[in-house]
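Student: my questions are about this predicted structure, shown below with the sequence.
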Amino acid sequence: MSMLRERAAATPATTQASPGRPRVWFRLAVTVAAALLIVLLTYVLPPFRTYQLATVGAYLCVTAGLTVLIGRNGQLSLGHGALMATGAYTLALTQNALAGDDFAAPGWALAVSVLAAVAVTTVAGAVVGLAAARLRGPYLAGLTLAVAVVVPSVTSTFDSVFNSDQGLPVVLNPPPGTVPMERWQAWLAWAGALLTMLLLTGLTGSRFGRDMAAVRDDETAARLAGIDVARTQVLAFVVSAACAGLGGALFALLAQSVSPGAFPLTLSLFLLMAVVIGGLGSLAGAAWGALLLVALPALAQSAGERAGSARLEGNLALAVFGVVLIVVMLAAPGGIQGALRRLGHTRPVREVARLIRHPKGGT
Amino acid sequence: MTGTPAEQPAGTGTETLDTPLLEIRNLTAGYGAAPVLHEVDLAVPAGRIVAVLGANGAGKTTLLRAVSGLIRPSRGQILFDGRDLCTVRVEQMIRRGIAHVPEGRGVIVELTVEENLRLGGLWRGRRGAERAQLDEIYDLFEPLARRRRSPGHQLSGGERQMLALGRALIASPRLLLLDEPSLGLAPRVIAQTMELLRTLRDRSGMTVLLVEQNVHGALSVANDAVVMSLGRIAVRDSAARLRTDERLRHAYLGF
């Protein structure tokens, strides 16, 4: 039994390289470089593309947290769309509460409401996580699926607070000056995304990352090694929920409104498909997934428009995602990042990498 | 290993028989409603290796799982150093001095050798102590030192065995529970493993409860042996007697 499991885990389908810890300065350098690239892009791209870039950043917060939960800790969640909704609504409600009668929220209200969104979603994640830690496999999927279904319907049950299907407005004012709205949104979204990535790369390379891997691979061995399995699982869920809350808050800021229609069940399924296609357990794969979450529906929409069918337009995205998922799973079971890594292990790429690392030819 | 009791001669432990390190009293345990173990009594004196032999399904693994808390007894008591183990959580056992190497060894294949050894965070905030323990394990298992950055799935069966043992020994346990360490290994590696157990007992007074199908290997190193049958202990005797008494061997060990 366990030999089989070990062999299964060793196949490329589920294996990402062991979570070593990249040096702190290296991670910081990559973050700074990515930040510079984003800022550059926001000046080069037209407003609509900048807005799409911002959306990728908001998605990245969620997919990064989700891939750690599923890929590294082995807990499946079909409910991350609902956690995003929690973050988004918390942001809207906090902001409206701070704004007072004149609807002019003070400048610090943005920071406070984003923090509140993360905090409330973290608590929600702890509640779901405590239940999740007792469940395995299909039962866990069922629980999180229920969360994904229930949370949006809460908004119509308590419509005096959440304003039912219409949702709530969200105010976002760029700082006075010359920054256009889209650029400001992209900066905010990517500040959140890069911070999330920085923290998660640190976390997955730490002792907690090893604990998560041990819990996923062999719960019995993990317990015998002295790891509190339930605590590790709840913590992983909490971290992942916090990321989803941040992503949801950023979503609200991008859309400048929140409504239950923005967080349907299919959003949770899209998120799951994105991290699988990107490469389960890989943070770089989460970035691929976030990119696809924006690019594929956009492609599907333009294809639907060209076909001239409104009905097709609405449903094509899900179909496209499904097809991409099947193709990627057949061609590259490790997802996009897994395929790239395998490419990196081929001879020519290794040679080039060696030359870059040791340009003088020495070792 | 550091942190274990002072060296004591092995095999002369008659004086320790009065206060066994591990004492199992009237243990009934199993999975769900069906008990696997029926009223088992067993005393393991400190500094001795006790082999647990018997056919498949006799309850050997269940016995170890009950001691380390992976299953809870429905009746009976398990005392470690005179204190009840039945309320101690599994993840606390290693800190209490009980290390259990499960069947199939439980190496985390995704993590490197060194990451496997550092699992559990037993030296939280004490890097120096952790380093010293790691070095001791690498001294004990030289192949592991060469492969400290290799992920578990690249290791051979013998290396996985070393890693599993290393992860148990790094905590300097007083009681080592070993579930079929010889499973799937070459005779030479089995002999080395048994030799290692002998060394650990003789040098640091480690106590070992050794579940084995490999009767020859187990009896070559054990002080005492019990033969389990259908969830009960059928025979308990010194390993030497079991090795030589043909009647017992025929009746219970099938050779």
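Tutor: Yep, that arrived.
Student: with adjacent residues omitted, what lies nearest to the one residue in the stretch 51-200 of chain B that gets nearest to chain A?
Tutor: The minimum distance from the stretch 51-200 of chain B to chain A, using CB to the nearest CB, falls at B:Gly106 (2.7 Å). In this view, the C-beta of every residue, glycine as well, is placed from N, C-alpha and C. Counting by CB to CB, 6 or more residues apart in numbering or on different chains, B:Gly106 lies nearest to A:Ala221, which is 2.7 Å off, once chain neighbours are set aside.
Student: what are the contacting residues of the helix or strand containing the one you found?
Tutor: Using DSSP states H and E, A:Ala221 falls within helix A:219-224. With contact meaning CB atoms under 8 Å, 6 or more residues apart in numbering or on different chains, helix A:219-224 is reached by A:211, A:214-215, A:229, A:232, B:68, B:70, B:90-91, B:93-94, B:99-102, B:105-108, B:119.
Student: so which of those residues belong to strands?
Tutor: Under the assignment DSSP state E, those contribute B:Ala99, B:His100, B:Val101 to strands.
Student: near chain A too, which of the residues you listed?
Tutor: B:Ala99, B:His100, B:Val101 (CB under 8 Å from any CB of the partner chain).
Student: residue ranges of the helices in chain B, please?
Tutor: Using DSSP state H, the helices of chain B run over residues B:60-67, B:90-96, B:113-117, B:127-140, B:142-146, B:157-169, B:187-204, B:215-221, B:239-244, B:246-248.
Student: worst mean pLDDT among these?
Tutor: Of all the helices of chain B, the minimum mean pLDDT falls on helix B:246-248 (a mean of 76).
Student: contacts for that helix?
Tutor: B:Val235, B:Asp237, B:Arg241, B:Leu242.
Student: got the contact list for the spatially closest residue to the second one that is not a sequence neighbour?
Tutor: For B:Asp237, ignoring the flanking residues on the chain, the nearest one in space by CB to CB, 6+ apart is B:Ala225 at 6.4 Å. Shown in contact with B:Ala225 (CB under 8 Å, 6+ apart): B:Val50, B:Ala51, B:Val52, B:Leu53, B:Ala218, B:Leu219, B:Val235, B:Arg236, B:Asp237, B:Ser238, B:Ala239, B:Leu242.
Student: put the buried members of those residues into a ChimeraX selection.
Tutor: Buried residues within the contacts of B:Ala225, by 16 or more other CB atoms under 10 Å in any protein chain shown, are selected in ChimeraX with:
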select /B:50,51,52,53,218,219,235,239,242
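Student: point me to the residue of chain A nearest chain B.
Tutor: Closest point on chain A to chain B, by CB to the nearest CB, is A:Ala221, at 2.7 Å.
Student: how close does that residue get to B:Leu70?
Tutor: 11 Å (CB to CB, to the nearest Å).
Student: higher neighbour count, these two?
Tutor: A:Ala221 (24 against 17; other CB atoms under 10 Å in any protein chain shown).
Student: per-residue pLDDT, the more buried one?
Tutor: Looking at A:Ala221, its pLDDT stands at 93.
Student: same question, B:Val40
Tutor: Looking at B:Val40, its pLDDT is 93.
Student: excluding chain neighbours, give the residue nearest to it in space.
Tutor: Per CB to CB, 6+ apart, closest to B:Val40 is B:Leu27, 4.4 Å.
Student: residues touching that neighbour, list them.
Tutor: B:Leu37, B:Glu39, B:Val40, B:Asp41, B:Leu42, B:Leu63, B:Ala66, B:Pro73, B:Arg75, B:Gly76, B:Gln77, B:Ile78.
Student: A:Leu135 too?
Tutor: Counted by CB under 8 Å, 6+ apart, A:Leu135 has contacts A:Gly142, A:Leu143.
Student: now do the SS call for it.
Tutor: When classified by DSSP: H, G, I helix; E, B strand; the rest coil, A:Leu135 comes out as coil.
Student: quick one: mean pLDDT over stretch A:76-91.
Tutor: Mean predicted confidence for stretch A:76-91 is 94.
Student: likewise for stretch B:74-88?
Tutor: Stretch B:74-88 shows a mean pLDDT of 91 in the predicted model.
Student: now do stretch A:194-207
Tutor: The model assigns stretch A:194-207 a mean pLDDT of 94.
Student: whether it contacts chain B - can you check?
Tutor: Yes. Against chain B, stretch A:194-207 shows contacts by CB under 8 Å from any CB at A:Arg207.
Student: and B:His250, how far from chain A?
Tutor: According to CB to the nearest CB, to the nearest Å, B:His250 and chain A sit 32 Å apart.
Student: cool, and B:His216?
Tutor: For B:His216, the distance to chain A - CB to the nearest CB - is 24 Å.
Student: then B:Gly217?
Tutor: B:Gly217 sits 20 Å away from chain A, going by CB to the nearest CB.
Student: surely that residue meets B:Met194?
Tutor: Yes. Contact criterion CB atoms under 8 Å: B:Gly217 and B:Met194 qualify, at 5.2 Å.
Student: so what's B:Ile190 up against?
Tutor: B:Pro181, B:Ser182, B:Asn214, B:Gly217.
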